[in-house]
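> Here is my input; please provide its structure:
(2 chains)
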Amino acid sequence: MEILNDLLNYLPAAIVAVGGLVVMMMDGYKAKSRLIYQTTMFFLAGALVIATYDLLYQEVGTLFSDMAASGSTAAFGTFIVVFGTFFTVILTHDYLIGVKHNYPQVYPLLMFCTVGMIVLATANDLVTVFIGLETMSISLYALAGIIRDKQLGVESALKYFILGAFSTGFFLYGIALLYGATGSTNLSEIGAYTDGSMIYWGGVSMLLVAFFFKISAVPFHMWTPDVYTGSPTTITAYMSTASKTAAIVALVLILERALPYAADQITSTMAIIAIMTMVLGNTVAMVQDNVKRMLAYSSIAHVGYLLVGLAAGTDLGFTAVLYYLLAYSLMNIGAFGVVAYYEKNHDVHFNNIESYAGLGYKQPLMGILLSVFLLSLAGIPPLAGFIGKYLVFAAAVEAGLINLVIIGVLASAASAYFYLRVMVYLYFKESKEPVKLMKPLRVYSFSLVVLAVLTLYFGILPAGITELIASYFSGNGLAIVP
Amino acid sequence: MAEYVWLIVLIPLIGFLINGIGGLSSEAYRKQKTLIGTIATISVFIPFLIALQIFFGMGADSEPYVARLFTWIEAGSFSSEVAYRVDQLSIIMALVVTGVGALIHLYSMGYMKDDEGYWKFFAYLNLFIFAMLNLVLGNNLILLFLGWEGVGVCSYLLIGYWYGDMAKSDAAKKAFVFNRVGDFAFLVAMFLVFRAVGSLDFDIILNNLSAFTPEITFWVAVLMFIGATGKSAQIPLFVWLPDAMAGPTPVSALIHAATMVTSGIYLISRFSSMYVLTPEAMLIVAIIGGLTAIVAATIAITQYDIKKVLAYSTVSQLGFMFLALGSGGFIAAMFHVVTHAFFKACLFLGSGSVIHAMHHVEHELEHEGKDVHFDPQDMRYMGGLKKYMPSTYWTFLLSTFAIAGIPVFSGFFSKDEILAFVFNAGMGEYSYIYFALWGMAVLTAFLTAYYMFRLTLTTFHGTFKLPSKVKGAEDSEKYLHESPSTMTIPLWILGGLAVIGGFMGVPDFFVTTFTSSDIKINWLHAWLDGVTSDSALVLSYGTKWILVAIAILIAVFATVLAYRNYDNDKGEASDAALEKRFGSLYQVWSDKYKIDEIYDASIIQPTFKLSDRVLAVFDMKIVDGFVNAVGGTVRFFGSLLRFVQTGVVQTYALVFIIGVILVLSLIIF
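Take a look at the predicted model:
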């Protein structure tokens, strides 16, 4: 009955998978789009409840003959992914109706993608990592081009697919090399290896390359701006948060369990990549006039901050990274959510920053929400984004990476420019042509308010969640609570 | 009952939120003035009842009760919790704050009736009560400081309540800035305490005073006192308080007489066991207090604005309290805090009632179509008001008796105890200085009685002088009327307390001298003995009685003198005579010792010049220039990088491969 027990511990993934199949069938039988949406929400809500329960109570262990992990980081990753999906679906439903491309196929795709993410975030074996990564990626390629008659979307989906396939090759190559060097694909068994051969180092490099691609670290980020701009806005929110969360949680697990032997080399690599990512992400974001594209570069910059935490490589660093993922998911989904709201009232060109002039007063609630999310992204206290940056940089200081932190803080300070610039347009510029904004649906604004409140809550009282995360890593990270 | 202490703090906050949010969001709610006023008053009155219940459940020997609500801040070894402390000292303060506060809320319902921002006013008042209760009930310095800053903010908001008037909003700014100077010292004191003890909890600090070196003790004491000079308006930071009279009169009564300005005295009493360890700091406190008392009293003699007289009187009385603290009479100081809260609140509210009436006169004259303008706070236009405003007159008179120190009125007992303690301190170290201070205190007591009767007699006795002084105001006395009962009821309650309030601290020797029994009739002393470190009174019965006799003589003499000089409209002639007799000295007093001018010339003007000629230029040319240069450079590189983003997949793959080579080389080499 072990399989049943394992399944019970894997319930969120199972529910989402079954849900995906169900809504796919419903689409096949021409069910109404609204019913499909409701069914999706029903399954996701169930998964979210169980993921929350797991987050708080699941015991640490491995499932399915060591192929997957349960508890601690796995439960945390699952929770963020399901949470993010939950809100993405709410926002997407409304958005797609708004832009008049209400394809019900988006729901099963989102569900399958989520399953991939959960598999990825809970993987304990490189093979599972690969399965999760590919399930997620293939769904994402399709999601990016879901609006089939929009050239930009289709083009970006194809680019994403080509480059994604390219990186998958590197990933498989990495697995093969590591297997060749260590004789196993299990994370712990790879971790036991301490014989620095060329094959091993090659494998480590390839593995890192594939992950850098998925999380869009510089210089593997080239696809990101195009894909993020071309995809439906709420899907962009989903790609930039849930998929990154899943990949980074998996990376944390791999770094912690499988590659402690390579820690020094990885630290120096991560540091260089982090600097490049932060600097490029922030500087290019500065010159963007398209808000969506600006947010795409900003998400690259945030990956840079996350890499700072990974570069630290300590328990503190991993704790900071996981907290950051949570904070980032909240504020980024929120920011894209408001952008999507503005966009669906108009056409896609509406994402130009000029057209944001004076919008803050048109629908005051939406203006305030966007301001909250942007301030949090800029890392201004007392919002969650600030605590996230603080923890990441504190961990790096602790690990002696002073130069890295100095560059990071400078880059982060510069980032305030392009976030606040949006707010300047929202509130201090007169709109040239009369704009009329529809009142947002209640569920839409309500879910954004929930995200904003959580952003504020985790910014003011981070202690509970950071303690929870710190307990995943041998428990000595407790002192970092600010 | 003490475990409900959090309710005392919470309810005013709820009141603030209801009125604040209601008023902000709903136009209709703002018009419900009775509802707003009732909510605000009740949300102070209920805490008063709870405090009373707690008080009755306590004895003089009750252990302090600490209600720990939650951990507020935690960082490394530092942690601070939101915890409220109920002991004999804090409950007295809480009773005064909520009791007098509730009365003043009730009074404000009448006083502010025609004001547009009615809801805002009451929201601020409730917020003030909340902050003040945090100050007096907090169990650690952080929470105390939260309240300390909170009352500062509310004071700022309420002084500048009529912010449309530039002078009033300047006064608010002035109060805030002067308070900040003191707050800075207070903060440094907190840092020193934390460094020495590693905690800011009262219990931990006061049980670990041995962790302080004598030097640290001295500095902590002095810095805390500097903080107190800001909040409690002592030399050299007292100049904000007279200006603060720009706020509505209930605010002056509540914040700038009864509660907020006494928080410095509360702070030092709370740390009395630390202060007694450092006689030098005590001496500084006593000297500053004594000087402030006499300086403010001399200024008060020359003022014509009734609220200004009361303001300087408050500064002077606060100086008296600090003199008591510096002489080791912590209980005497708290005693005076309480009695002063009664009679000074009553005096301020009485003056508010008078101003209300004078405003009404001005308003009615305007209604008649006459363009008459006069200062409704200038006592030279008043006189004879007792006929028209009997309630105001009688309560004002009773409170004047109390502040003047006429026997059996409350101020007599508290002031007498202070004088006794100052004299007593003369028996120990720094003997001559304390004796000199005692002399100054006696002189101040004389001046106090004198200027207070000057004020009362000029305002209420004689004839109404407005018709004869201002053209167009003939027959205007027909518009004079007594204030509504919402205003007179608080006046009578406070007036009554001003009469009998002193009996909580009748000195023991009044009885023991005659009966040779060891009976303790000084209730307040017994109540506070456990929480303060009072010096022992070493005076003999004979000396004590002589001191009492001197105090009575001084008070009666000043009263009689004032009566001869100021009754029957002789006020202005007497003032002229006084000016002639004292000549340039009188000039110094009426110029308020030119302290504002000194601040202006020594700090304000140089700062303005520095900002204008150096800092502004530096900011515009150097700082802005640098920032713009950095921004420009970054934008330039950003636009260069944008060219790489061609949109062609082949380029992307190429960059990817460069990345792979980079990672490989980083890992392997």
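> buried set for the one helix or strand A:Y95 maps to?
With elements delineated by DSSP states H and E, A:Y95 resides in helix A:72-98, which encompasses its position. For helix A:72-98, burial by neighbour count (16 or more other CB atoms under 10 Å in any protein chain shown) applies to A:72-96, A:98. The way it works is simple: take the backbone N, C-alpha and C, and place the C-beta from them, glycine included.
> Please apply the same query to stretch B:595-607.
Under the neighbour-count rule (16+ other CB under 10 Å), stretch B:595-607 has B:Y599 buried.
> Could you do stretch A:383-401 as well?
A:383-396, A:398-399, A:401.
> Which positions in stretch A:400-407 come out as buried?
With burial defined by 16+ other CB under 10 Å, the residues of stretch A:400-407 counted as buried are A:L401, A:L404, A:V405, A:I407.
> Please read the previous query as pertaining to stretch B:386-402.
By neighbour count, with 16+ other CB under 10 Å as the criterion, the buried positions of stretch B:386-402 are B:386, B:388-389, B:391-402.
> now, among those, which is nearest to chain A?
Checking the buried residues of stretch B:386-402 against chain A by CB to the nearest CB gives B:S399 as the nearest, at 46.6 Å.
> number of nearby residues for B:Y566?
Number of residues near B:Y566 (other CB atoms under 10 Å in any protein chain shown) recorded here: 25.
> Same check on B:I294?
Counted by other CB under 10 Å, the residues lying close to B:I294 total 20.
> quick one: it and B:V442 touch, right?
No - no contact is recorded between B:I294 and B:V442 when judged using CB atoms under 8 Å, the distance being 10.1 Å.
> which bits of the stretch 151-300 of chain A sit near chain B?
If contacts are counted using CB under 8 Å from any CB of the partner chain, the residues of the stretch 151-300 of chain A sitting beside chain B are A:159, A:162-163, A:166-167, A:170, A:198, A:201-202, A:204-205, A:208-209, A:212-213, A:218-220, A:222-223, A:225-226, A:262, A:265-266, A:268-269, A:272-273, A:280, A:283-287.
> please redo it, this time with the cut-off set to 7 Å
Where the stretch 151-300 of chain A comes near chain B, counting by CB under 7 Å from any CB of the partner chain, the residues are A:159, A:162-163, A:166, A:170, A:201, A:204-205, A:208-209, A:219-220, A:222-223, A:225-226, A:265, A:268-269, A:272, A:280, A:283-284, A:286-287.
> Could you check how far whatever residue of the stretch 51-200 of chain B ends up closest to chain A is from A:P462?
Minimum separation of the stretch 51-200 of chain B from chain A (CB to the nearest CB) falls at B:A75, amounting to 5.8 Å. Remark: distance between B:A75 and A:P462 (CB to CB, to the nearest Å) = 11 Å.
> So which of these two has more stuff around it?
Set side by side, B:A75 and A:P462 show more neighbours around A:P462, with 23 against 11, by other CB under 10 Å.
> Spit out the contact partners of the spatially closest residue to that one that is not a sequence neighbour.
Across the structure, with CB to CB, 6 or more residues apart in numbering or on different chains as the measure, the residue nearest A:P462 apart from its sequence neighbours is A:I387 (4.6 Å). Residues touching A:I387, when contacts are defined by CB atoms under 7 Å, 6 or more residues apart in numbering or on different chains, comprise A:A327, A:F458, A:G459, A:P462, A:P482.
> which one of these is nearest chain B?
Lowest distance from chain B to those (CB to the nearest CB) belongs to A:P482, with 5.8 Å.
> before we move on, back to that, the buried residues of stretch A:383-401 in helices, which ones?
Among those, the ones falling in helices (DSSP state H) are A:384-396, A:398.
> Give me the helix or strand of the chain that scores worst on average pLDDT.
Going with chain A. helix A:359-362 (a mean of 82; mean pLDDT, DSSP states H and E).
> wait, chain B
Across the helices and strands of chain B, the lowest-confidence element by mean pLDDT, DSSP H and E is helix B:624-642, at a mean of 75.
> So what touches that one?
Residues outside helix B:624-642 that contact it (CB under 7 Å, 6+ apart) are A:L280, A:T283, A:V284, A:M286, A:V287, A:A414.
> follow-up on the earlier one: so how far is A:P381 from the residue of the stretch 51-200 of chain B closest to chain A?
As defined by CB to CB, B:A75 lies at a distance of 14 Å from A:P381.
> try B:A473
As defined by CB to CB, B:A473 lies at a distance of 58 Å from A:P381.
> Between those two, which is the more surrounded one?
Between B:A473 and A:P381, counted using other CB under 10 Å, B:A473 has the larger neighbour count: 22 against 15.
> just for the chain, where's the confidence low?
Chain wasn't specified; assuming chain A. Within chain A, the set of residues satisfying pLDDT under 70 comprises A:346-350, A:474-482.
> That was the other one, I meant chain B.
B:76, B:641-646.
> Enumerate the residues of it near chain A.
Counting by CB under 7 Å from any CB, the residues of chain B near chain A are B:74-76, B:634-635, B:637-639, B:641-642, B:645, B:647, B:649, B:652-653, B:655-656, B:658-660, B:663-664, B:666-668.
> Swap in 8 Å and give it another go.
Selection of chain B residues close to chain A by CB under 8 Å from any CB yields B:74-76, B:631, B:634-635, B:637-639, B:641-642, B:645, B:647, B:649, B:651-653, B:655-656, B:658-660, B:662-664, B:666-668.
> Mark which of those residues are part of helices, please.
Judged by DSSP H, the residues of chain B next to chain A include B:631, B:634-635, B:637-639, B:641-642, B:649, B:651-653, B:655-656, B:658-660, B:662-664, B:666-668 as members of helices.
> Centroid-nearest residue for chain B?
Computing the C-alpha centroid of chain B and ranking residues by CA atoms, centre = their mean puts B:V261 first, at 1.7 Å.
> Map the structural domains onto the sequence of chain B.
B:2-596, B:605-668 (automatic domain parsing).
> would JSON lines of the ones you listed with distance to A:A176 be doable?
Formatted as JSON lines, these follow (distance: least, CB to CB, whole Å):
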{"stretch": "domain B:2-596", "distance to A:A176": "47"}
{"stretch": "domain B:605-668", "distance to A:A176": "16"}
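> Go through those domains and pick out the most buried.
Compared across the domains of chain B, domain B:2-596 shows the largest average neighbour count, a mean of 21 (mean count of other CB atoms under 10 Å in any protein chain shown).
> picking up where we left off before, so can I have CSV of the ones in helices among the buried residues of stretch A:383-401 showing distance to B:A171?
Rendered in CSV, the data for these read as follows (distance: CB to CB, whole Å):
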residue, distance to B:A171
A:A384, 41
A:G385, 40
A:F386, 37
A:I387, 40
A:G388, 44
A:K389, 42
A:Y390, 40
A:L391, 45
A:V392, 47
A:F393, 44
A:A394, 44
A:A395, 49
A:A396, 49
A:E398, 50
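> Show the contacting residues for the residue in the stretch 401-550 of chain B positioned nearest to chain A.
With CB to the nearest CB as the measure, the residue in the stretch 401-550 of chain B that lies nearest chain A is B:V531; the distance is 33.7 Å. By CB atoms under 8 Å, 6 or more residues apart in numbering or on different chains, the residues touching B:V531 are B:P64, B:D87, B:Q88, B:L89.
> Okay, and B:V66 sits in which element?
When secondary structure is defined by DSSP H and E, B:V66 falls within strand B:65-75.
> List the strands paired with that strand, with their directions.
Looking at strand B:65-75 with DSSP bridges, its paired strands and their directions are strand B:78-86 (antiparallel).
> follow-up on the earlier one: extract the C-alpha set from the helix or strand just after the helix holding A:Y95 and format it as PDB.
The first helix or strand that comes after helix A:72-98 along the chain, using DSSP H and E, is helix A:106-121. As requested, the backbone C-alpha atoms of helix A:106-121 are provided in PDB (Å, rounded to 0.1, in the frame of the first residue of the first chain):
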ATOM      1  CA  VAL A 106      -6.200  27.500 -22.000                       C
ATOM      2  CA  TYR A 107      -7.500  25.700 -18.800                       C
ATOM      3  CA  PRO A 108      -6.300  22.200 -19.500                       C
ATOM      4  CA  LEU A 109      -3.000  23.600 -20.700                       C
ATOM      5  CA  LEU A 110      -2.600  25.600 -17.500                       C
ATOM      6  CA  MET A 111      -3.500  22.500 -15.400                       C
ATOM      7  CA  PHE A 112      -1.000  20.300 -17.200                       C
ATOM      8  CA  CYS A 113       1.600  23.000 -17.000                       C
ATOM      9  CA  THR A 114       1.000  23.200 -13.200                       C
ATOM     10  CA  VAL A 115       1.400  19.400 -12.900                       C
ATOM     11  CA  GLY A 116       4.800  19.800 -14.600                       C
ATOM     12  CA  MET A 117       5.800  22.500 -12.200                       C
ATOM     13  CA  ILE A 118       4.800  20.500  -9.200                       C
ATOM     14  CA  VAL A 119       6.700  17.500 -10.400                       C
ATOM     15  CA  LEU A 120       9.700  19.800 -11.000                       C
ATOM     16  CA  ALA A 121       9.500  21.500  -7.700                       C
END
